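> Mind looking at a prediction? Sequence and model below.
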Amino acid sequence: MSTLQPVQGASTPEVPLLFDLLIVDDDCDLLEMLEEYFSDAGFVLRSAASIREAKDILEKCSFRTILTDQNLRDGTGVEFLLGLKHGGVESIPLLMTGDNGREIAVDAINLGGIFKFFVKPFSMKEVRHGVEAAIVRFGAEQARRLYAREVEARNDELNAAVRRKLQNLGDTDPLQKKQIVSVVEDSNASKEWAVTQIQKAYLQTVASLTRAIEAKDFYTHGHSERVYYYCSLIAEMLDLPESSRNDLRFASILHDIGKIGIPDSVLLKKGRLTDSERGIIAEHPVLSESIISPLPFLDKVRRIVRSHHEHYDGNGYPDGLKGNEIPIEARILAVADAFDAMRSDRPYRKAMSLETAQARLVMAEGTQFCPLCVRAFLHTLQQKGESGNSGANDLFSLWSDGAFIEVEPRLE
């Protein structure tokens, strides 16, 4: 991986003030191994054997991401990372923990205290994927803050221009009145354009994280595109309004983005998951919602993403919603997501046949799935076929071209 060049300090140009990575662990052997691995991979890093030492380093340097062990001699990793967050440190936090620390790590993710965690013993490749994803997230957050500052500066300029015009506005001069109206209209248009650019930049970065998840898991490659195709079939059959169809387009891409916070040892496990591991996987709808929360124009999409594993009978997760309490778009996404999962190879089983997958949907009508959505899907699937024959557009190329992202900015 080629990392960004560290920012040089004015007073001591030989010392980089912004590093890629800070590693904190009191296991000297593991710390040395991580240092060597990431240094050889081209990361610019520092290391510490305690929280106290790490805090001393953070007084002088900044980091794109911080990777710490949970159990340290002078405190816990979660407390350390949460303290940094509350203190305004912008580094993306990562946690290493033993198997008995899984629940603590999941709770910390839900509190926004960590971005991703790794359960020991882990592979270096798994940790590197997590660090790379964290650095991408750091870049996205920095871009969002930069755009926000630019918007604020532009708004200040435009508001100042409005005030000047108001001061010079005569009581009876129609030309001046027309000029002030023009300035106000330009101000509003500039605000909307700037907010749209912020949202697009963040959204494209989030979409790139989704693509990264699918790229490292052969079994889910193309999953988002196929799910979008199946969602579009159901939406068309049910004659949903265009706004709902647009929400489903976004939800199809974003519904699994929370899996970036799930350890690879669980996400890519070749055997069946334990109850504990299934609990970790079950956190991903909440994580997905959290990652897209900075995008206010996706408020409804957040609800869809959060609810796509709810069951029609109320036995799903994370909120135990049932029936019409679940947004219709989430009920559609649930059917599309499950069907594609059944029709795809998994590490622990081969793909089900078309007939078996269809039968499983029918069997789960009224329990896991909305009966209306299942019937609509099976009817239109028989007419139009599976996604492999659809000629559907590549959603990710549409995102990168900007054609897919049409947002209505919400000014705060």
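That came in fine, so what should we check first? Numbering: from 1, shown residues only.
> so where's the stretch 51-200 of the chain uncertain?
Applying pLDDT under 70 to the stretch 51-200 of the chain flags residues 99, 101, 110-112, 143-144, 146-148, 150-152, 154-200.
> distance between the ends of stretch 73-90?
Stretch 73-90 has its terminal residues 24 Å apart, counting by CA to CA, to the nearest Å.
> which of the residues in that stretch are buried?
Residues of stretch 73-90 classed as buried by neighbour count (16 or more other CB atoms under 10 Å): 76-78, 80-82, 84-85. Backbone N, C-alpha and C define where each C-beta goes, glycine included.
> And stretch 356-370, by the same measure?
Buried residues in stretch 356-370, counted by 16+ other CB under 10 Å: 357-358, 361, 364-365, 368-370.
> In helices, which of the residues you listed fall?
Using DSSP state H to define helices, the subset of those located there is 357-358, 361.
> Would you format these as CSV with distance to Gly279 included?
As requested, these are exported to CSV (distance: CB to CB, whole Å):
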residue, distance to Gly279
Ala357, 26
Gln358, 30
Leu361, 25
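> Of the buried residues of stretch 356-370, which is the nearest to Arg249?
Closest approach between the buried residues of stretch 356-370 and Arg249, by CB to CB: Cys370, at 19.8 Å.
> my read: the closest one touches Ala336, true?
No - with contacts counted by CB atoms under 8 Å, Cys370 stays clear of Ala336, the gap being 11.8 Å.
> quick revisit: so can I have CSV of the buried residues of stretch 73-90 showing distance to Ser50?
Shown next, in CSV, are the buried residues of stretch 73-90 (distance: CB to CB, whole Å):
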residue, distance to Ser50
Thr76, 12
Gly77, 11
Val78, 16
Phe80, 10
Leu81, 14
Leu82, 17
Leu84, 15
Lys85, 19
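> Among these, which lie within helices?
77-78, 80-82, 84-85.
> sorry, back to before: need the buried residues of stretch 356-370 in JSON lines (columns: distance to Ala133 and pLDDT).
Shown next, in JSON lines, are the buried residues of stretch 356-370 (distance: CB to CB, whole Å; pLDDT from 0 to 100):
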{"residue": "Ala357", "distance to Ala133": "31", "pLDDT": "94"}
{"residue": "Gln358", "distance to Ala133": "36", "pLDDT": "95"}
{"residue": "Leu361", "distance to Ala133": "33", "pLDDT": "96"}
{"residue": "Ala364", "distance to Ala133": "33", "pLDDT": "96"}
{"residue": "Glu365", "distance to Ala133": "38", "pLDDT": "95"}
{"residue": "Gln368", "distance to Ala133": "31", "pLDDT": "96"}
{"residue": "Phe369", "distance to Ala133": "32", "pLDDT": "96"}
{"residue": "Cys370", "distance to Ala133": "33", "pLDDT": "95"}
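> domains of the chain?
Listed domain ranges for the chain are 18-122, 135-203, 218-397 (source: automatic domain parsing).
> In which helix or strand does Gln96 reside?
Gln isn't right for residue 96; it's Met. Assigned by DSSP states H and E, Met96 belongs to strand 92-97.
> Given that strand, what are its sheet partners and their directions?
strand 62-69 (parallel), strand 116-119 (parallel) (DSSP bridges).
> Measure how that strand sits relative to helix 77-86, angle-wise.
170 degrees (axes from the mean of the first three to the mean of the last three CA atoms, to 10 degrees).
> residues in contact with strand 92-97?
Under the criterion CB atoms under 8 Å, 6 or more residues apart in numbering, residues 25, 64-71, 77-78, 81, 84-85, 104-105, 108, 113-120, 122, 127, 130-131, 134-135, 137-138, 141 lie in contact with strand 92-97.
> which of those count as buried?
Listed as buried from the contacts of strand 92-97 are 25, 64-70, 77-78, 81, 84-85, 104-105, 108, 113-119, 122, 127, 130-131, 134-135, 137-138, 141; burial here means 16+ other CB under 10 Å.
> so where do the strands sit in this protein?
Assigned by DSSP state E, the strands in the chain fall at 18-24, 45-48, 62-69, 71-72, 75-76, 92-97, 116-119.
> any chance of those in a markdown table, with distance to Arg303 too?
Converted to a markdown table, those look like this (distance: least, CB to CB, whole Å):
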| stretch | distance to Arg303 |
| --- | --- |
| strand 18-24 | 35 |
| strand 45-48 | 39 |
| strand 62-69 | 30 |
| strand 71-72 | 37 |
| strand 75-76 | 33 |
| strand 92-97 | 26 |
| strand 116-119 | 24 |
